[in-house]
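Enquirer: Structure of the sequence below:
(one chain, ligands or ions: 2)
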Amino acid sequence: MRVCLVGSGAREHALAAVLARSADVVATPGNPGIEGRSQEGHSLSSSPAPALEIEADLYVIGPEAPLVDGLADRLRAGGKKVFGPGAEGARLEGSKEFMKKVASEAGVPTARWQAFSAGEVAAAKEFLARLEGGYVVKTDGLAAGKGVLVTSDLAEATADVEAKLSGASFGPAGQKVVIEEALFGHELSLFVLCDGRTFLPLLPAQDYKRLSEKDRGPNTGGMGSYAPVPAVDGQVVGEVLETVVGPTLAALSRRGIDYRGALYAGLMLSEAGPRLIEFNVRFGDPETEVVVPLLSSDLTELLAAAAGGGLDRVAPPQFSARSAVCVVAAAPGYPGAPETGGLISGVGAAASLGDVHLFHAGTSRDEEGALRTAGGRVLAVTGIGDDLARARRRAYEALGLVSFEGMQLRRDIAATPLSSLRAPA
Ligand code: AMP
Ligand code: GLY
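Expert: Ligands and ions are numbered 1, 2, ... in the order given. Next up, the predicted model:
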């Protein structure tokens with residue numbers, strides 16, 4: 001079996017490493033970490049060729065941009081087996097308004113909302129003024145995770161609506177906004193494999209979106225993650241499947257959308273039950289870096305079954321009883337304007353520790369073969385252990401061996417894992 005994996009980040013490196021337990025993997029464009037052989041003897045390589053020019057038995061699309069852009073449709077039109085929704089299904093992530101419409105039509109519990117276009121500033125302000133407790137303003141289109149403002153300050157929310165709708169802050173992508181009430185509780189990420197009819201959940205995880213410790217500083221793509229989440233048992237997952245995932249996939253199906261791929265539910269957990277914050281149409285990053293290394297089932301078989309419409313014929317995903325903690329090392333200047341080109345040292349020593357996965361996120365090799373920083377998030381280091389405390393120690397021990405100029409990391413990843421849903425932070 002040969003798998004073509006689209007993407008270049010640490011999420012793709014983690015997927016490649018686990019797919020290569022049972023398949024040869026060629027990543028496009030891939031990264032310097034995706035190379036060589038797995039312990040099981042399968043090859044890993046990175047190729048600059050576009051996915052449409054790579055021959056494979058299964059295509060797995062990692063990031064949202066190619067999904068929203070219809071890459072899965074183009075591959076399927078050529079008769080390929082693809083894990084990843086087509087452009088219609090990918091609108092769940094590509095348009096916040098579409099996502100909210102589908103959620104409302106499916107009766108999914110989610111924040112009260114309304115969408116507004118450029119000419120509707122006055123109506124938008126009126127809607128804002130009627131919300132209580134907190135305000136959330138989102139660009140309708142993709143904005144690389146930066147298009148969302150959450151605030152308790154009505155004046156700040158109003159100014160943000162004006163800046164977005166006028167095109168000043170996000171250009172055309174911001175000229176439609178979704179305004180919604182703020183939800184309170186604990187955030188959770190749950191990935192579900194879907195084949196158009198059947199769906200199977202993976203292990204729930206938590207990620208850390210803010211740059212700095214104690215959840216301060218700007219939002220980022222994610223600075224760390226851990227799994228499993230002690231407070232989230234099978235009952236909570238069951239409730240999410242029943243109230244959020246099942247009704248959404250049924251609503252998509254009624255619209256004629258055959259959703260095959262990962263559905264990522266971003267949830268707010270409260271004592272009143274789970275509420276949907278957002279859907280992504282792919283695996284999360286850095287949650288993938290803790291979820292898939294713990295998988296004891298065959299990932300290739302699962303993704304191939306989802307792509308081929310046969311999830312009802314495979315055993316549900318099984319996970320090891322161990323825990324995983326991932327800490328991201330980011331370049332100086334991230335998330336604004338990261339400085340790249342810095343020399344990275346210690347990767348070999350860190351990777352040779354047992355129970356450590358060192359995933360490349362934004363690296364490149366220079367002419368001498370030395371590893372350099374080449375993106376905002378540079379490395380994602382996952383430690384595995386018998387419990388979260390041990391996994392955490394392992395991740396920080398490995399990161400202690402790695403260095404590059406101006407390296408930013410959070411020291412509090414998984415320091416206080418969520419152990420109860422009773423006392424919201
Ligand atoms: P989104 O791109 O929709 O996931 O929003 C990015 C982040 O903003 C989420 O992960 C949450 O941390 C936060 N957020 C979004 N919507 C809400 C909401 N209605 N209430 C509270 N926080 C939210
Ligand atoms: N971890 C957040 C995301 O992948 O969007």
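Enquirer: Now do the end-to-end distance for stretch 164-184.
Expert: Using CA to CA, to the nearest Å, one end of stretch 164-184 lies 24 Å from the other.
Enquirer: Can you list the buried residues in that stretch?
Expert: Buried residues in stretch 164-184, defined by neighbour count with 16 or more other CB atoms under 10 Å: 164-165, 169-170, 173-183. No exception for glycine: its C-beta is placed from N, CA and C like everyone else's.
Enquirer: Okay, and which of these map to strands?
Expert: Among the buried residues of stretch 164-184, DSSP state E puts 176, 177, 178, 179, 180, 181 in strands.
Enquirer: now, among the buried residues of stretch 164-184, which is nearest to residue 252?
Expert: Nearest to residue 252 among the buried residues of stretch 164-184: residue 178, at 18.9 Å, using CB to CB.
Enquirer: show me what contacts the closest one?
Expert: Residues near residue 178 by CB atoms under 8 Å, 6 or more residues apart in numbering: 96, 97, 100, 113, 114, 115, 137, 138, 140.
Enquirer: which among those gets closest to residue 155?
Expert: So of these, ranked by how close each gets to residue 155 (CB to CB), first place is residue 137, at 12.4 Å.
Enquirer: looking at it, that closest one is touching residue 160, isn't it?
Expert: Yes. With contact defined as CB atoms under 8 Å, residue 137 reaches residue 160; the gap is 4.8 Å.
Enquirer: Neighbour count: these two, which is higher?
Expert: When residue 137 and residue 160 are compared for neighbours, residue 137 comes out ahead with 26 against 23, by other CB atoms under 10 Å.
Enquirer: and the strand or helix carrying the more buried one, does that touch ligand 2?
Expert: In this structure, residue 137 sits in strand 135-139 according to DSSP states H and E. No. Contact of strand 135-139 with ligand 2 (CB under 6 Å from any ligand atom) is absent, the minimum separation being 13.5 Å.
Enquirer: what's the angle between that strand and strand 176-181?
Expert: Strand 135-139 and strand 176-181 are oriented at 160 degrees to each other (axes from the mean of the first three to the mean of the last three CA atoms, to 10 degrees).
Enquirer: Ligand 1 next: which of the ones in strands among the buried residues of stretch 164-184 are close?
Expert: Restricting these to those touching ligand 1 (CB under 6 Å from any ligand atom) yields residue 180.
Enquirer: Which two of the ones in strands among the buried residues of stretch 164-184 have the greatest separation?
Expert: Using CB to CB, these span at most 18.6 Å, a distance reached by 176 and 181.
Enquirer: Partner strands of the strand holding residue 137 and their direction?
Expert: strand 148-151 (antiparallel), strand 176-181 (antiparallel) (DSSP bridges).
Enquirer: Is it positioned near ligand 1?
Expert: Yes. Judged by CB under 6 Å from any ligand atom, strand 135-139 and ligand 1 are in contact via 136, 138.
Enquirer: residues of that strand that come out buried?
Expert: Within strand 135-139, the residues scored as buried using 16+ other CB under 10 Å are 135, 136, 137, 138, 139.
Enquirer: Close to ligand 1: what parts of the stretch 51-200 of the chain are there?
Expert: 111, 136, 138, 148, 150, 180, 182, 183, 187.
Enquirer: how many neighbours does the closest residue in space to residue 91 that isn't next to it in sequence have?
Expert: Among residues not flanking residue 91 along the chain, residue 98 sits closest, at 4.4 Å (CB to CB, 6 or more residues apart in numbering). Residue 98 has 18 neighbours, counted by other CB under 10 Å.
Enquirer: Equivalent analysis for residue 57, please.
Expert: Neighbour number of residue 57 under other CB under 10 Å is 15.
Enquirer: Next up, the contacts around it.
Expert: So residue 57 contacts 1, 2, 3, 81, 304 (CB under 8 Å, 6+ apart).
Enquirer: Where does whichever residue of the stretch 251-400 of the chain sits closest to ligand 2 sit: helix, strand or coil?
Expert: The nearest approach of the stretch 251-400 of the chain to ligand 2 comes at residue 284, 3.4 Å away (CB to the nearest ligand atom). Three-state assignment for residue 284 (DSSP: H, G, I helix; E, B strand; the rest coil): coil.
Enquirer: next one: residue 305
Expert: Recorded secondary structure, residue 305: helix (three-state DSSP).
Enquirer: which residues in the chain form helices?
Expert: Using DSSP state H, the helices found in the chain span residues 10-19, 64-68, 71-77, 87-94, 96-106, 121-130, 154-165, 234-240, 246-254, 288-291, 299-308, 347-351, 388-399.
Enquirer: Deepest-packed of these, please.
Expert: Each of the helices of the chain was assessed for mean neighbour count using mean count of other CB atoms under 10 Å. The highest is helix 288-291, with a mean of 31.
Enquirer: picking up where we left off before, of the contacts of residue 57, grab the buried ones for ChimeraX.
Expert: To isolate the buried ones among these in ChimeraX, judged by 16+ other CB under 10 Å, type:
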select :3,81,304
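Enquirer: I'd like to know which of the contacts of residue 57 is nearest to ligand 2.
Expert: Distance to ligand 2, by CB to the nearest ligand atom, is smallest for residue 3 among these, at 20.9 Å.
Enquirer: I'd like the distance between the closest one and ligand 1.
Expert: Counting by CB to the nearest ligand atom, to the nearest Å, the gap between residue 3 and ligand 1 amounts to 28 Å.
Enquirer: Surely that residue touches residue 56?
Expert: Yes. At 5.8 Å, residue 3 counts as touching residue 56 under the criterion of CB under 8 Å.
Enquirer: shared neighbours of the two, which are they?
Expert: Joint contacts of residue 3 and residue 56 (CB under 8 Å, 6+ apart) are residue 26.
Enquirer: pLDDT weak spots in this structure?
Expert: 144-145, 423-425 (pLDDT under 70).
Enquirer: Around ligand 2, which positions in it sit nearby?
Expert: 207, 222, 280, 284, 285, 287.
Enquirer: can you rerun that using 8 Å?
Expert: Listed as neighbours of ligand 2 in the chain under the rule CB under 8 Å from any ligand atom: 11, 145, 189, 207, 209, 221-222, 225, 264, 266, 280, 282-287.
Enquirer: Selecting buried members of these in PyMOL, what would you type?
Expert: Buried residues within the residues of the chain next to ligand 2, by 16+ other CB under 10 Å, are selected in PyMOL with:
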select buried, resi 11+189+207+209+221+222+225+264+280+282+283+284+285+286+287
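Enquirer: which residues touch the spatially most central residue of the chain?
Expert: In the chain, the residue lying closest to the centroid (CA atoms, centre = their mean) is residue 284, at 1.4 Å. By CB under 8 Å, 6+ apart, residue 284 lies in contact with 11, 189, 191, 205, 207, 222, 225, 264.
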